[in-house]
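Participant: Quick check, what structure comes out for this input:
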Amino acid sequence: MKKLFTLLLAALSMTVAFAQQDAASVALLNKLSAKYKSSTGTRIQLKISVEDSKTQMHQTINGTLTTKGRKFHLATPAATMLFDGKALYTYNKQANEVTISEPEEEEVKELDPTAVLSSYKAGYKIDKPEDGTRGGHQTALIKLYPENLNESFFKVEMLIDKDANMPLSITTFAKNGVTNSIAILSIETNQSFSDKEFTYSADRFPGAEIVDIR
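Facilitator: Residues are numbered from 1 along each chain as shown. So this is what the prediction gives:
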């Protein structure tokens, strides 16, 4: 009887979780995710904004994100990150230092601004889309809330261009008062990138000190 009760609770929780995901929002995310996942390689021009409500700090920096499967290369004027699928190489330009680590899967998702495009199907409550317009295009604002209350963030907002089927921005609201916003200025899909694009070599950062924390 106890086992049956446990199974019933599990089934009920799965039903509730499914009911918390609005069908219209999920359909839009599925369409967007399919386009992104089917791309042989993607290059995205970004504007990254960080706001801290406690210190009133605001910083903005432009960057380029290149992805191929699980691999990614994020380049900004201040830092560069290379993830070859196993090891992460983070170059701090000011310190002229490269830190090498092997992040867990959850850490990789936090580092890749587009990770939500493949992780929204589980672990999120998803609200009904809020329709709008921008530049003559139909848009949808989708709000996602993590079901795991131990997450460092409490909400993710994604603005989608419904006509072009592409993300316009991804904003993460952290519990510590920091808001990270990724504005997508342009996106090129089905590009061809060599694995060298995501692989570390000493000549990429000449003279940099190596800090290996693997």
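Participant: Where does pLDDT dip in the chain?
Facilitator: By pLDDT under 70, the low-scoring segments of the chain are 1-19, 109-111, 113.
Participant: which residues of it fall in strands?
Facilitator: With strands called from DSSP state E, the chain shows them at 42-52, 57-68, 71-75, 79-83, 88-92, 97-101, 124-126, 130-134, 137-146, 153-161, 166-174, 178-188, 209-212.
Participant: Adjacent strands (with direction) for the second one?
Facilitator: So that's strand 57-68. Here strand 57-68 has these sheet partners by DSSP bridges: strand 42-52 (antiparallel), strand 71-75 (antiparallel).
Participant: right, so those: which one is the most enclosed?
Facilitator: strand 71-75 (a mean of 20; mean count of other Cβ atoms under 10 Å). To be clear about C-beta, it is placed using only N, CA and C from the backbone, and glycine gets the same treatment.
Participant: what sits up against that strand?
Facilitator: With Cβ atoms under 8 Å, 6 or more residues apart in numbering as the test, strand 71-75 has contacts from 63-67, 80-85, 111-113, 195, 197-198.
Participant: Likewise for stretch 167-182?
Facilitator: Stretch 167-182 has contacts (Cβ under 8 Å, 6+ apart) with 32, 46-54, 113-114, 116-117, 134, 139, 152-161, 183-184, 187.
Participant: Ok, stretch 37-57 next?
Facilitator: Under Cβ under 8 Å, 6+ apart, the answer for stretch 37-57 is 36, 58-68, 76, 113-114, 117-118, 176-193.
Participant: Could I have the buried ones of those residues as ChimeraX selection syntax?
Facilitator: Remark: buried members of the contacts of stretch 37-57, expressed as a ChimeraX selection using 16 or more other Cβ atoms under 10 Å:
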select :36,63,65,66,67,68,113,114,117,178,179,180,181,182,183,184,187,193
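Participant: Can you get me a residue count around the nearest residue to residue 145 once chain neighbours are set aside?
Facilitator: Leaving out its chain neighbours, the residue that sits closest to residue 145 by Cβ to Cβ, 6 or more residues apart in numbering is residue 125, at 4.4 Å. The local packing of residue 125 (other Cβ atoms under 10 Å) involves 16 other residues.
Participant: quick one: contacts for the nearest residue to residue 168 once chain neighbours are set aside?
Facilitator: Among residues not flanking residue 168 along the chain, residue 159 sits closest, at 4.4 Å (Cβ to Cβ, 6+ apart). Shown in contact with residue 159 (Cβ under 8 Å, 6+ apart): 139, 140, 141, 142, 167, 168, 169, 170.
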